[in-house]
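[1] Generate a structure from the sequence data that follows.
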Amino acid sequence: MWKAKQLLAESGYNGEPVKFKFSAGTAAVRDYALVIQNSLGAIGLNVEIDTIDFNTLITQLTQGQFQIGT
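    Next comes the predicted model:
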């Protein structure tokens, strides 16, 4: 994990929010998103979860309107 922190520091990232978009769904999907948010937070990324309906998610992903998505 130290290498990831080092690379992040070298990148010039200054803590601005990174939007993680995923489709509203089951509790398992929500838990999955929280695990990703916590893992990326551990290296210093400020990840904000954006839960949206499936059709909106697909539209935004195909139009490149995302930073992280699943």
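[2] Just want the most central residue of the chain.
    In the chain, the centroid-proximal residue (CA atoms, centre = their mean) is Phe20; its distance is 2.9 Å.
[3] Check the gap between that residue and Asn55 for me.
    18 Å (CB to CB, to the nearest Å). Yep, even glycine has a C-beta here, placed from its N, CA and C like the rest.
[4] Can you list the buried residues in whichever helix in the chain runs longest?
    Ordering each helix of the chain by length in residues (DSSP state H) puts helix 27-42 first. By 16 or more other CB atoms under 10 Å, the buried positions in helix 27-42 come out as Ala33, Ile36, Gln37, Leu40.
[5] on that earlier part again, ok now do the closest residue to the residue nearest to the centre of the chain other than its chain neighbours, which residues does it touch?
    Of all residues not flanking Phe20 in the chain, Ile68 sits nearest, at 4.2 Å (CB to CB, 6 or more residues apart in numbering). Contact analysis of Ile68 by CB atoms under 8 Å, 6 or more residues apart in numbering lists Val18, Lys19, Phe20, Lys21, Ile36, Val47.
[6] Let's see the pLDDT reported for Ile68.
    For Ile68, the pLDDT comes out at 83.
[7] same thing with Ile52?
    For Ile52, the predicted pLDDT is 89.
[8] three-state assignment of the nearest residue to it once chain neighbours are set aside?
    Nearest non-adjacent residue to Ile52, counting by CB to CB, 6+ apart: Lys21, 6.1 Å away. At Lys21 the chain is in strand, as set by DSSP: H, G, I helix; E, B strand; the rest coil.
[9] burial of Leu45, as a residue count?
    19 (other CB atoms under 10 Å).
[10] go on, the one 5 residues further on?
    The burial metric for Asp50, expressed as a neighbour count using other CB under 10 Å, is 17.
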